[in-house]
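# any chance you could fold what I've pasted below:
(chains A and B)
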Amino acid sequence: MMCTNMKSLLLICLLATSACDNLTPANTQGSNKVTDDKMTIRLNIQPDEYAQLNGLTKKSNINKQPAGLNFYTKHWSVKQYGSVRVDHGKHSFTIPHALTVMGTYDVTYPEKGLSSFYVGGGMTPHNEESHEQVHLLFMNFLQHLLDIGWRSYIYFSDPRLLPKDAVRYAFETDTGYILPANSPLSLEQWMRRTDQSWQLHANGVFLSITFMRDGETMDINEKSSYFFSYDLIDTYNLAANSVEYKDRPNAIELWPKTLQKLHGYRDETEAMLREQGIEIDTAYTDPVLILE
Amino acid sequence: MSTQNITNGVNDQPDKVQAVTANCNLLWSQAQEFAYKRLSDKTGENEYQLIGLYEARAKRIAATYARFYLETEEGGDPDKIGRYYWMALGAFASKTVACLLDKCQIKASYAVQIKSIANGLGKGNLWLFMDISAPHWFYNHYPNNFEVGMNCAAKRGGSALESPVKDVVDAMPWSSQSLPVINDMALSAKLREGFAYIPQIESEQDTNKIQSLQKKQLLAIANHEQKVVLQPLIYEDPDFAGWARRQRWPGMRYLTPKYELVFAHTCEVDDIKLKSEAPTDMIVEEFKSRMQWNETAAKVFHKLMITKGHYMLQELSTIAGWVDTPDAHDVY
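Numbers count the residues shown, from 1 in each chain, chains lettered A, B, ... in the order given. Sure thing, here's the model as predicted:
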C-alpha cells in the first residue's frame, strides 16, 4: 500500500464508521467508466447477459462478498441521474432519476441468476422538492403501476382490511402494516410520517417501494429532500424471506406450512378486529406463489 | 422511581454498600461506566486504565457491537437475537477501522499526516462507541425505564452523569472538543426512532416483517450516528474537511485506493475482485447523495444477513471473541 494512498484510505475507513456510509462498491467514474445513463433490469437474468445488456464491466461493477453473494452495482450521481427500465412483459415500467441499481446473485443458486434488484433515487432531479409536487408525482406513478397490472398486496400474516381502514390501521398502529397502493394518500396523510412504504406484485414479481425524506423539513410549506427505494424480488425470495435463515434451503418445501402459520397470525388479528366492529375484506386474495 | 442497594461513586472501601435512589442519571452513569470500562484494563483494586492502542480499542468496540447483536453482552437475552440490528453492521465497520489502523501503524510509521488522520479516526470510533453503546446497555437492563417508566431516553447527556462517572468521561481523550459538538450524547429523534423499533421486532412473529423492521432500525440509528455524531465530529473537522473535498476532485478519484470492506472477520481477502471502491461522489451535505450510499451499504448488509445468516453469525461470533484484545506499549 502506497503511503500517498493511505490518507485517502483512512478517510474512507472513517466514513465507514458511520456504519454504512460507503461500504460499497463500484464507483462508475473510474477507468472503467460506463457512460450509458439507461439500464434495463429483469429478474432472474444471468449475470453475463445482464452485464452485456448494460455495458457493465466485471472489474468495476461487481462487489463479491465472501459469504457467497455477488452484487452487480451501477451508481450515478446527483449531478447526472440515470434511469432504469424494469423489464417484466406487459408490466414493464421505468424508474426515472435513479442513483443506484444493484442486482444480487447468489452463488449457491446460479440457475436463479440475479434474483433480486434494488433501485434507489429521487422523484425529481432536484435536491429539494416541494412535498406537494413529490406527492403528486408519486401518486401518479403508483396509479400508472396499477394501470399496467400491478396489484397491491399485504403481508400474509396481516389482516385483510378495506383500503380506507388499511390506511388508518397503518398509521395508528405499530404493526408495520403496509399502506395499500390502491388507496391514494391525501397530502395530509402523505405528511404523517417521514418514511412510507407500499407493496405490489405482478406475475410472480414482488415490488416494495419506500420513500425516506429529510426529517428536519416536514413543514408542508417548506421544501424537502426525498429518496425513493425500489426492491424487486422473485417468488422464491418471497417464500425464503418468510422463514428463518436455517430453514432457507428448504423454503419451497416448507411454503405450505409457512403459509398456514402466517395465516394463523392473520386469523388471530382479524378475529380481534371483528370484535371491534372492523370489517374484514374477505374478497382480498393473496398472491399465489408458484414455486419450483 | 425505585430504591435499591448499589455501589455508588468511587468504591474506595472493600464491600462498600450504600442505599441510593435510582434515577435516570444514575442508570445512565452505569451505562456509561460500562462503555469506558470495556476499553480499559484493570490495573488494581477498582482501578482501570484506558487502553491506548487505537487498533485494540477498535477491536474491542467491534467485539462489543457483535456481542450486543448476538445477545451475549451484559443483560442480553438470546431469545431476542436480531433486535439490535445496527450492532451487527457496526461490528463489521469497527473491524474495518481496526484493520486500517493496523496498516497505518505498521506501514506508515507514525508519519505526521497519518498520525493526524489516525487520531481523527480514533476519535470518531471512540465517541461513536461512547454515544451508542450506553443506550444499548441501558435498554438491556432497564427497558421499562427507557421511553416509559422514568422515561430516561429524554434525560441522557454527558453533563447529567453522576459525578464520579462524569469525571472519567470528561477525562476521556478528545472529550472537551467532542461532547459539545455531539450534543452532549443526548438521544436524537432518529436514535429514539431506532429504539422504538426494538419492541416491535421483539414481538413480531412474521419473519418477513421482522426483516423490514430491522432494516428501518438499522437506517434510523445509522442516520443518527452519521448526522449527530460523525458529521460534526469528523466531517466538519478542519483536519478532515480538506480530505473530504479532495475526494470529490475529478483528479483525486483516480488516486483513491480500493479498500477492503468485506463482511467477514478478516481484514483482507485474496481475491482482488472482493474489494470495493470508495464512493468518491458522495456529497455528505446532500440528503439524496448521503442516502444513496447509506441505502446501498444497508442493502448489501441486509441481503447478506437474510440470505447468508449462518455465515454472518459465524463471523460475528469470531469478532465477539476480540473483547479482551490486549493493549500495546507503542501507541499513537
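# how close does the spatially most central residue of chain B sit to A:G82?
The residue lying closest to the centre of chain B (C-alpha atoms, centre = their mean) is B:F129, at 3.5 Å. Distance of B:F129 to A:G82, given as C-beta to C-beta, to the nearest Å: 37 Å. C-betas here are computed from N, CA, C, even on glycine.
# sorry, back to before: doesn't B:F68 make contact with the residue nearest to the centre of chain B?
No: contact criterion C-beta atoms under 8 Å: B:F129 and B:F68 do not qualify, at 11.1 Å.
# and the residue of chain A found nearest chain B, what is it in contact with?
Nearest residue of chain A to chain B (C-beta to the nearest C-beta) works out as A:Y245 at 2.9 Å. By C-beta atoms under 8 Å, 6 or more residues apart in numbering or on different chains, the residues touching A:Y245 are B:306-310.
# kindly recompute the last result at 10 Å.
Contact analysis of A:Y245 by C-beta atoms under 10 Å, 6 or more residues apart in numbering or on different chains lists B:207, B:305-313.
# and those, which is closest to A:L56?
B:T307 (21.7 Å; C-beta to C-beta).
# can you check which helix is longest in chain B?
helix B:112-141 (DSSP state H).
# check which helices and strands it sits against.
In this structure, helix B:112-141 makes packing contacts with helix A:3-16, helix B:24-38, helix B:54-70, helix B:85-108, helix B:175-178, helix B:189-203, helix B:207-224, helix B:238-246, judged by 3 or more C-beta pairs under 10 Å, 6 or more residues apart in numbering or on different chains; DSSP states H and E.
# and that helix, what's buried?
Within helix B:112-141, the residues that count as buried by 16 or more other C-beta atoms under 10 Å in any protein chain shown are B:114, B:117-118, B:120-141.
# let me know the angle separating that helix from helix B:54-70.
Using axes from the mean of the first three to the mean of the last three C-alpha atoms, to 10 degrees, the direction of helix B:112-141 lies 30 degrees away from that of helix B:54-70.
# how much does helix B:112-141 deviate in direction from helix B:85-108?
Per the same axes, to 10 degrees, the angle that helix B:112-141 makes with helix B:85-108 is 160 degrees.
# report the next helix or strand after helix B:112-141 in sequence order.
helix B:163-170 (DSSP states H and E).
# average model confidence for that following helix?
Computed over helix B:163-170, the mean pLDDT rounds to 94.
# report how many residues lie close to B:N25.
Other residues near B:N25 come to 18 when the count uses other C-beta atoms under 10 Å in any protein chain shown.
# my guess is it contacts B:G158. True?
No: under the criterion of C-beta atoms under 10 Å, B:N25 makes no contact with B:G158, lying 11.1 Å away.
# mind listing the shared neighbours of those two?
Residues touching both B:N25 and B:G158 (C-beta under 10 Å, 6+ apart) are B:165-166.
# what's the nearest residue to the residue nearest to the spatial centre of chain A if we skip its chain neighbours?
Centroid-nearest residue in chain A, with C-alpha atoms, centre = their mean: A:D231, separated by 2.1 Å. Of all residues not flanking A:D231 in the chain, A:S208 sits nearest, at 4.4 Å (C-beta to C-beta, 6 or more residues apart in numbering or on different chains).
# hmm, A:L179 and the one you found touching each other?
No: using C-beta under 10 Å, A:S208 is not in contact with A:L179; the gap is 11.2 Å.
# who has more neighbours, the two?
Taking other C-beta under 10 Å, A:S208 and A:L179 do not tie; A:L179 has more neighbours (23 against 17).
# contacting residues for that one?
With C-beta under 10 Å, 6+ apart, A:L179 has these contacts: A:142, A:152, A:154, A:163, A:166-167, A:169-171, A:185, A:189, A:193, A:196-199, A:209.
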